[in-house]
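**Student:** The following comprises the amino acid sequence and a computationally predicted model.
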Amino acid sequence: MSLVPGAVNFRDVGGLPAGGGRTRTGVLYRSGSLAEVDDLGGEAFRRLGVRRIVDLRSDEEAGRAPSRVEGAETLRVPLFLGSLTSFFLEDVTLTQLYRSLLERSGDRLVTAIRAILGAQPVVVHCTAGKDRTGLTVALALRAAGVDEDAVVDDYERTESMLPPWRNQQTLARMRRAYPAQRHLEELATRAPAAVMRGVLEEIRATHGSEAGYLRAHGLRNDELDLLRRTLVEE
């Protein structure tokens, strides 16, 4: 169940094992769109005391479905450099989608993770809270020292957080728009553990570690230290 009614896939990433410590509760939340938050959800959101929202959606998405929560600073960090529809037209797999984000949007991923450091509690979100949010949060958690199995499990949990009605509506709309594509269901509804685990392994093979990837794209060592202190309690 979502912590904030009307916000699909809204949850706290606290309590995950990180070596000898655990991630702090009430510091980092992840979510799908905040465009359908009702009055009850708005009250729940305010009770969390969120100070900053990091919105990873494109300008087109944000304009079509503006956030309905108030009282927090919003930083917009669109991760896709081109049109979101291009990934559906190209019929990419989830792994290919994440590789594209890592290759083309490293500086923006760093900007999004750096935004976590500026004010907490913080919410990182996109439209479904699955792919852009999933990759950003996974990188942040791994760079902070969270156990890989816990990061992968948190990513996979998204599948159980997406309501069936949402999946059915999204798939029906996408199949009308892209009738020949083979990977629509994967892109729209799936969050397989094997995909995230494989992507993290590729990052380590190329950069030595998830922290190494972020460092290569501009995150400083002192910011990496602060990220761990912010997210993890020993």
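**Tutor:** Cool, got the structure.
**Student:** If you tally nearby residues, what's the number for residue 71?
**Tutor:** Residues lying near residue 71 (other CB atoms under 10 Å) number 11. (Each C-beta comes from the backbone N, C-alpha and C, glycine too.)
**Student:** wouldn't it be in contact with residue 46 here?
**Tutor:** Yes: between residue 71 and residue 46 a contact is recorded at 6.0 Å, counting by CB atoms under 8 Å.
**Student:** which other helices and strands contact the one helix or strand in the chain whose mean pLDDT sits lowest?
**Tutor:** Every helix and strand of the chain was ranked by mean pLDDT, DSSP states H and E. The lowest is helix 85-89, at a mean of 72. On a contact count with 3 or more CB pairs under 8 Å, 6 or more residues apart in numbering; DSSP states H and E, helix 85-89 meets helix 184-189.
**Student:** in the helix it packs on, what counts as buried?
**Tutor:** Across helix 184-189, burial judged by 16 or more other CB atoms under 10 Å covers 184, 186, 187, 188, 189.
**Student:** Show me which of these is closest to residue 117.
**Tutor:** Closest approach to residue 117 among the buried residues of helix 184-189 (CB to CB): residue 187, at 30.4 Å.
**Student:** give the contact list for the closest one.
**Tutor:** Residues counted as contacts of residue 187 (CB atoms under 8 Å, 6 or more residues apart in numbering) are 87, 88, 92, 94, 97, 131, 174.
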